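1. Give me the fold of what follows.
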Amino acid sequence: MRPHRSSRRPARRPVLESLEGRRLLTAAPSAIASQLDPSGGPYAVFLAFSRTVEESEGVIQVALMRTGDLTTAATISVRTAPVTALEGYDFVPLDRVVTFAAGEAEATFDLAIVDDAISEPLEKQLRLELYRGEEDDLVATTAQTVTIVDDEPGSASRLVFHAFGAAGLWTYNEAEGYRKINDGSPEAIVAAPGRGAYLDFGPAGLWSWDALRGYSRLSHVDPEIILTSSLGERALIDFGHGGVWQWSAEGGYAKVHDLSPRAMSGFPGSAVFDYAEHGLWTWNENTGWAKVRDYGPEQMLNAGGVYFLDYGVFGLWRLDAGGAVARVHEGNAEEMTLLPYGILVDFGSAGLRKLGDFDVWSQVSSHSPRAMLSSELLDFGAGGFWRLAADGTWSKLNTVAPRSVVYAAPDLVHMDYGDAGLWTWSAATGWRKLNPARATLLGFAMTEPIVRLPG
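-> Predicted coordinates for the structure are as follows:
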């Protein structure tokens, strides 16, 4: 099903905390200390370390060592290769020749890490590679990773997005508070790797944003569905009449299909497409298309590559990674949500049930919620707003449920109560009013999900 789009409502300008303005990158470098484990050959050099360093450590000499015949001079080339760290933003790119003088077993070079004042992903990685001059043959049998730990207070605090209509789009984290990042308000916010987001600005197109690089326009066309994952800067995008496209930061766009699906679920490289009366199809960037069923389901839930398909009165079905389809319940599912250890399904008059390990169903509640705002926050209408804890116990949080929720931490929730403002709640501290303004949309920056599939 297509994601819900909030209509743009006139909104009062929110009362927000004062901002310092955009912080600039500084040139103060830090560095990585390393050592090499020499092995074989007259001057063979192998990387044999994996280091974690603070962003602010400075420039440190990196030592290379050689073994074998040391009577003659020797050279080796060393270069940096980005993994999740960004050249020029997180580290100073390096590609140089290191010279061993006759008789020397060790030579050194400097490696610099950029120490900025911006909250980013808590950890970023790069590689050091050794190669032989013009032949470009890697000497290291395994590329070694250097992990840079960001030292800004906000980097350890999850970044969330609050849109306030005409008052613009703001980021918020518990350590640093609010920061305005756009005068406009997006129609949809989709989490992206690198503590950022893909932002659908409607007629203004699709954009990517993160705190380090700012904005980049990905398309002038208004997208309808966007699928992302934590595995790199990639997306699978339904552009409606423009068809479905795969996008990556490295390769740009590649068309997947001319037709827009009724719904799609999955990841940038592998997804399930609901083409209604034309059937349910799977697509994989390596193996292509395969038809699963003649008709599409009423709703789909992606559980880490295993899909649960709601076929209404024909029951709830599971599509395994290998393509096998099997019915897991004969009931008519009204709503589904993903749990850390299974799925939670509202079967209407049959109540709320959980599918856990080994395909075992358990009754969670005899009552059907009006809405499941998350895997643990449920709206029972006149029955109130309740939390279902991981141990199965219930606690009533409020007589009224919020319009939407977003998690700022596993135990800290931001809740939109419309004219009553934005509130936070946690089991440890209870309720706190975050902002009196009326929000139009909430979103969050991507963190790695921890999901164990049932069965």
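
2. Near residue 412, how many residues? Count them for me, please.
-> Neighbour count of residue 412, defined by other Cβ atoms under 10 Å: 18. C-beta here means a position set from N, CA and C on the backbone, and glycine is covered the same way.

3. Residue 427 now?
-> Residues near residue 427, counting by other Cβ under 10 Å: 12.

4. need the contact list for it.
-> residue 411 (Cβ atoms under 8 Å, 6 or more residues apart in numbering).

5. and it, what are its phi and psi?
-> phi -60, psi -30 (degrees, to the nearest 10).

6. Can you give the distance of stretch 102-121 from its chain's centre?
-> 28 Å (Cα atoms, centre = their mean, to the nearest Å).

7. now do stretch 97-112
-> Distance, stretch centre to chain centre, for stretch 97-112: 40 Å (Cα atoms, centre = their mean).

8. can you dump the C-alpha coordinates of that stretch into PDB?
-> Taking Å, rounded to 0.1, in the frame of the first residue of the first chain, the C-alpha atoms of stretch 97-112 are listed here in PDB:
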ATOM      1  CA  VAL A  97      54.900   6.300  -2.300                       C
ATOM      2  CA  VAL A  98      56.700   5.300   0.800                       C
ATOM      3  CA  THR A  99      60.400   4.700   0.500                       C
ATOM      4  CA  PHE A 100      62.600   2.300   2.500                       C
ATOM      5  CA  ALA A 101      66.300   3.300   2.500                       C
ATOM      6  CA  ALA A 102      68.900   0.600   2.300                       C
ATOM      7  CA  GLY A 103      69.100  -1.200   5.600                       C
ATOM      8  CA  GLU A 104      65.800   0.100   6.800                       C
ATOM      9  CA  ALA A 105      63.000  -2.300   7.900                       C
ATOM     10  CA  GLU A 106      60.600   0.500   8.800                       C
ATOM     11  CA  ALA A 107      59.300   3.600   7.000                       C
ATOM     12  CA  THR A 108      56.500   5.900   8.100                       C
ATOM     13  CA  PHE A 109      53.900   8.300   6.700                       C
ATOM     14  CA  ASP A 110      51.300  10.600   8.200                       C
ATOM     15  CA  LEU A 111      47.500  10.000   8.000                       C
ATOM     16  CA  ALA A 112      45.100  12.800   9.000                       C
END
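
9. Would you mark the buried spots in that stretch?
-> Buried residues in stretch 97-112, counted by 16 or more other Cβ atoms under 10 Å: 98, 100, 107, 111-112.

10. how many other residues sit next to the residue lying closest to residue 365 once chain neighbours are set aside?
-> The shortest distance from residue 365 to any non-neighbouring residue, by Cβ to Cβ, 6 or more residues apart in numbering, is to residue 352 (4.1 Å). Neighbourhood size, residue 352 [other Cβ under 10 Å]: 22.

11. so residue 352 touches residue 364, yeah?
-> Yes: at 4.4 Å, residue 352 counts as touching residue 364 under the criterion of Cβ atoms under 8 Å.

12. Find residues that contact each of these two.
-> Contact with both residue 352 and residue 364 is made by residues residue 344, according to Cβ under 8 Å, 6+ apart.

13. In strands, which of the buried residues of stretch 97-112 appear?
-> 98, 100, 107, 111 (DSSP state E).

14. if I pick the last one, what's in contact with it?
-> Remark: with contacts taken as Cβ under 8 Å, 6+ apart, residue 111 is in contact with 31-32, 59-60, 62, 80, 91-92, 94, 128.

15. Repeat that for the third one.
-> By Cβ under 8 Å, 6+ apart, the contact set of residue 107 is 63-64, 98-101.

16. hmm, back to that, let me have the buried residues of stretch 97-112 in JSON lines, adding pLDDT as columns.
-> As requested, the buried residues of stretch 97-112 are arranged in JSON lines below (pLDDT from 0 to 100):
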{"residue": "98", "pLDDT": "89"}
{"residue": "100", "pLDDT": "90"}
{"residue": "107", "pLDDT": "87"}
{"residue": "111", "pLDDT": "87"}
{"residue": "112", "pLDDT": "94"}
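
17. In a markdown table: those residues, plus distance to residue 301.
-> Listed next are the buried residues of stretch 97-112 as a markdown table, based on distance: Cβ to Cβ, whole Å:
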| residue | distance to residue 301 |
| --- | --- |
| 98 | 53 |
| 100 | 58 |
| 107 | 56 |
| 111 | 45 |
| 112 | 46 |
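
18. Run through the bridge partners of residue 216.
-> Beta-bridge partners for residue 216, by DSSP bridges, are residue 208.

19. For it, which residues are in contact?
-> Counting by Cβ under 8 Å, 6+ apart, residue 216 makes contact with 207-209.

20. Also residue 369?
-> Taking Cβ under 8 Å, 6+ apart, we find residue 369 in contact with 335, 346, 352, 378-381.

21. Quick one: buried ones out of the residues you listed?
-> Buried by 16+ other Cβ under 10 Å: 335, 346, 352, 378-380, out of the contacts of residue 369.

22. what ranges of the stretch 51-200 of the chain fall below the confidence cut-off?
-> For the stretch 51-200 of the chain, residues meeting the criterion pLDDT under 70 lie at 133-143.

23. Would you map the strands across it?
-> 51-54, 60-65, 74-82, 95-100, 106-111, 113-114, 123-132, 137-138, 144-149, 160-163, 169-173, 177-182, 188-192, 196-200 (DSSP state E, counting those that start in this stretch).
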